[in-house]
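K.L.:
predicted structure and sequence below. I'll ask about it afterward.
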Amino acid sequence: MSAIVEVKGVHKRYRVPGAWPWSPWPEVHAVRGVDLTVGSGEVVALVGQSGSGKTTLARMVLGLESVTEGEIWIEGQRWDTLAEPDRQARRVHYQYIPQDAMSALDPQQTVIEAITETLHVLAGKSTAEAQSLAAAMLGRLGLSHRHAALPRELSGGEQRRVTLARVLSLSPRLVVADEPTSGLDPERRAEVLEALVGNLPPGTGCILVTHDLDAAFPYCHRAVVMLEGQVIEVVDLRNESAQHPYTKSLLDPWHHLGASP
């Protein structure tokens, strides 16, 4: 399996303001020596509690955060040191799905307009082709009846699926989804994850950032578990069982009681 993403010994350190204007700015070590590989066609769950460093790592993969130390390679090219104009030309292939779907959508654009504009601007599609591709993707995601809806008229799950449609319509080779099911009820979570994973183009790699490994389990090949900025365990979800107590707690919060509820 060829690698889409290779993260090698990555660190992220930054300084935060002190309690008072004259206080020293302490250094936060958000990511500590992380290695990560995402293969072609592989869905990897990047899992951990808030503050574990998973979102920071995911954003570094796409160049949305700078790397303090280490290397990031995408499709065989060094990415973290690439000049932004050179990155910009390739970003259409490497897409980010933000956690806050509502803020990511233009409140004045209908659903079909949001997807069409993305295809026209980023992929260079003609208006007619963009509209055709947008309608097809929205149909695959169960949103054919919502073409004319504005973001405020959509449910939370529908808003998430619109952000998925905007990204998936570009046929990316890498998708980084940052907590795409946050705040949804279990049924809506499953719908969004099925829509995402079920519509990834063949060979596309996906990093699914989540704190809910139990929900992500059926849709992912591997789980990379982070705690306090470090990877504490990597689990092949198809063939292995979790060994670390923290990973076990993410899969079954009741495991320490000796029985499931």
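P.N.:
That came in fine, so what should we check first? Numbering: from 1, shown residues only.
K.L.:
please report the distance of the residue nearest the centre of the chain from Arg238.
P.N.:
With the centre of the chain defined as its mean C-alpha position, the nearest residue by CA atoms, centre = their mean is Ala177, 1.7 Å away. Per CB to CB, to the nearest Å, Ala177 is found 20 Å from Arg238. For glycine as for every other residue, the C-beta is placed from the backbone atoms N, C-alpha and C.
K.L.:
okay, now Ile97: neighbour count?
P.N.:
Per other CB atoms under 10 Å, the neighbour tally for Ile97 reads 23.
K.L.:
bridged to it, which residues?
P.N.:
On the basis of DSSP bridges, Ile97 is bridged to Ala177.
K.L.:
surely it touches Thr181?
P.N.:
No. In this structure Ile97 lies outside contact range of Thr181 using CB atoms under 8 Å: 10.7 Å.
K.L.:
per-residue confidence at the closest residue to Ser126 other than its chain neighbours?
P.N.:
Spatially, and ignoring its direct neighbours in sequence, Ser126 is nearest to His120 (7.6 Å; CB to CB, 6 or more residues apart in numbering). Note on His120: pLDDT of 94.
K.L.:
His120 in helix, strand or coil?
P.N.:
Here His120 is recorded as helix under DSSP: H, G, I helix; E, B strand; the rest coil.
K.L.:
please report how far it lies from Val192.
P.N.:
Distance of His120 to Val192, computed by CB to CB: 25 Å.
K.L.:
neighbour count winner among the two?
P.N.:
Val192 (26 against 16).
K.L.:
list the buried ones in the host helix or strand of Thr247?
P.N.:
Per DSSP states H and E: Thr247 is located in helix 245-251. The neighbour-count check on helix 245-251 (16 or more other CB atoms under 10 Å) flags 246-248, 250-251 as buried.
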